[in-house]
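**Q** what follows is a protein structure lacking sequence information:
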């Protein structure tokens, strides 16, 4: 019997930014392509994400496996400079020398025979998910281990950093929350044994631990993010559990051992932010979320949480397929709102805020944990809401329910929006995003007025080489590194 093979499909236009390893560049003055840099925009934009998805002719198993590379854009007055460098993890250095993948990751097994995997089976700290700017260093965050410390100006890697309190088996997750008034940092990590353990940390603005605790979890769940809401830390633990046996036997990667179990429902865990003690636990319908936008307490004492909600865990398969340039799996997430009674852990109400498929919800950093007026996120075009990457940035006004947006162009793709507040002007600021132009195979930095996205970029800056779409970043106001 003769079978006909399908014609080879061309990758989507955005695949160009992932096809080759992104080249580093040292500190470089960035040309202004249009407009002008706002004179009050002074500080540093830091962004992290996988810069290399291929080595020795082999592609990574999942987008989350790419080696972390950090972009810094330092703004001062009317000029800006940029630098882009790979995080020099031990795994990156060993694989760079060997020109092949050696270590396991989120979606990859250790290279070689089963015997070698059982003997060597280390997981590479990819250092590729987010960043946290401290007064004396930049931390690159990866939720499976310790952060790496980088120089704030040059991005030179200084090495693994235990922050003076992390045990070898403890991790420091990629989604810390910073109190806008005190600067205090809350974060967590998950460790696995016979059951999962949730480690929660309360740190000073300088990253010094003030209190930490450990809470046993049901089974071995995967937890990616949490939300700060007034005096509470809220964990919505989706029904994704890790089956440890194939992982321990080095037969499957961590990602392939994750199982969607909707019958377990979503577990709600409410923590007192000061004492780190459990206030309440509850259960809700099953859903999955990667990211929360923000949380706060309303005038009835209820917790209000905004997050991007998926019906199931198919989003993980979509992110795996991104590496090929041919994603087929539909992963449809929208911005939702949840009302919660923190005293009981009971969900009172949930509903969608917008119907566009999007991700990376953020608010003004001055409103983290407090009532917020606007939520910004990256969205897909309505013409292809399932397999495209993000091509527009939207702002949802919570008072008027009005949605404003900017499409970055045909065959142009935007990263997570980062909010940079305007000094001395409450509730005013700029949205900064890195935009990939597929037609010219170039990357740009766009600066937009947060309250007038639809007016287009105030300024466009050219980058020396392509910086592929990554995951998360942060804005650090002046004084910026010189």
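**A** Arrived safely. This one's a predicted model, so the numbers in the text were calculated from it and none came from an experiment.

**Q** which helix or strand contains residue 320?
**A** Using DSSP states H and E, residue 320 sits in helix 314-321.

**Q** need the residues that contact that helix.
**A** Applying Cβ atoms under 8 Å, 6 or more residues apart in numbering, the contact partners of helix 314-321 are 61-64, 107, 255, 258, 288, 290, 327-331, 333, 387. For the C-beta atoms, the positions are set from N, CA and C on the backbone; glycine is no exception.

**Q** same thing with stretch 200-215?
**A** Applying Cβ under 8 Å, 6+ apart, the contact partners of stretch 200-215 are 132, 134-136, 139, 163-165, 172, 178, 182-189, 197-199, 233, 269, 271, 273-278.

**Q** which residues of the chain fall in helices?
**A** With helices called from DSSP state H, the chain shows them at 16-19, 90-98, 114-120, 244-248, 314-321.

**Q** closest one to residue 408 among those?
**A** helix 16-19 (13.4 Å; Cβ to Cβ).

**Q** contacts for the closest one?
**A** Taking Cβ under 8 Å, 6+ apart as the rule, helix 16-19 contacts 11, 53-54, 322-323, 325, 413, 436, 438, 441, 443, 466-469.

**Q** buried ones among these?
**A** Taking 16 or more other Cβ atoms under 10 Å as the criterion, what is buried in these is 53, 322, 323, 325, 413, 436, 438, 443, 466, 467, 468, 469.

**Q** bridge partners for residue 130, pull those for me.
**A** The partner list for residue 130 in beta bridges (DSSP bridges) reads residue 141.

**Q** give me the distance between it and residue 20.
**A** Distance, residue 130 to residue 20, using Cβ to Cβ, to the nearest Å: 24 Å.

**Q** just want to know which of the two has more residues nearby.
**A** Using other Cβ atoms under 10 Å as the criterion, residue 130 and residue 20 rank with residue 130 on top: 26 against 12.

**Q** so what's the more buried one up against?
**A** For residue 130, the contact set (Cβ under 8 Å, 6+ apart) comprises 48, 140, 141, 174, 175, 471, 472, 473, 474.

**Q** and the last one, what's its pLDDT?
**A** Okay, so that is residue 474. Looking at residue 474, its pLDDT reads 98.

**Q** do the fifth one as well
**A** In the prediction, the pLDDT value recorded for residue 175 is 98.

**Q** could I get the phi/psi values of it?
**A** phi -130, psi 60 (degrees, to the nearest 10).

**Q** so it makes contact with residue 185?
**A** No. With contact defined as Cβ atoms under 8 Å, residue 175 does not count as touching residue 185 (11.1 Å).

**Q** from the contacts of helix 314-321, which ones fall inside strands?
**A** For the contacts of helix 314-321, the ones inside strands are residue 258, with DSSP state E as the criterion.

**Q** which of the contacts of helix 314-321 count as buried?
**A** Among the contacts of helix 314-321, those buried by neighbour count (16+ other Cβ under 10 Å) are 61-64, 107, 255, 258, 288, 290, 327, 331, 333, 387.

**Q** least confident of those residues?
**A** For those, the weakest pLDDT value sits at residue 387, with 70.

**Q** against residue 310, how distant is that one?
**A** 15 Å.

**Q** how about residue 280, nearest residue that isn't a chain neighbour?
**A** Once flanking residues are discounted, residue 280 sits nearest to residue 345: 3.7 Å by Cβ to Cβ, 6 or more residues apart in numbering.

**Q** got the buried residues for stretch 311-328?
**A** Quick answer for stretch 311-328 (16+ other Cβ under 10 Å): 312, 313, 315, 316, 318, 319, 320, 321, 322, 323, 325, 327.

**Q** ok, for the last one, nearest residue in space, not its chain neighbours?
**A** Closest residue in space to residue 327, ignoring its immediate chain neighbours: residue 321 at 3.9 Å, by Cβ to Cβ, 6+ apart.
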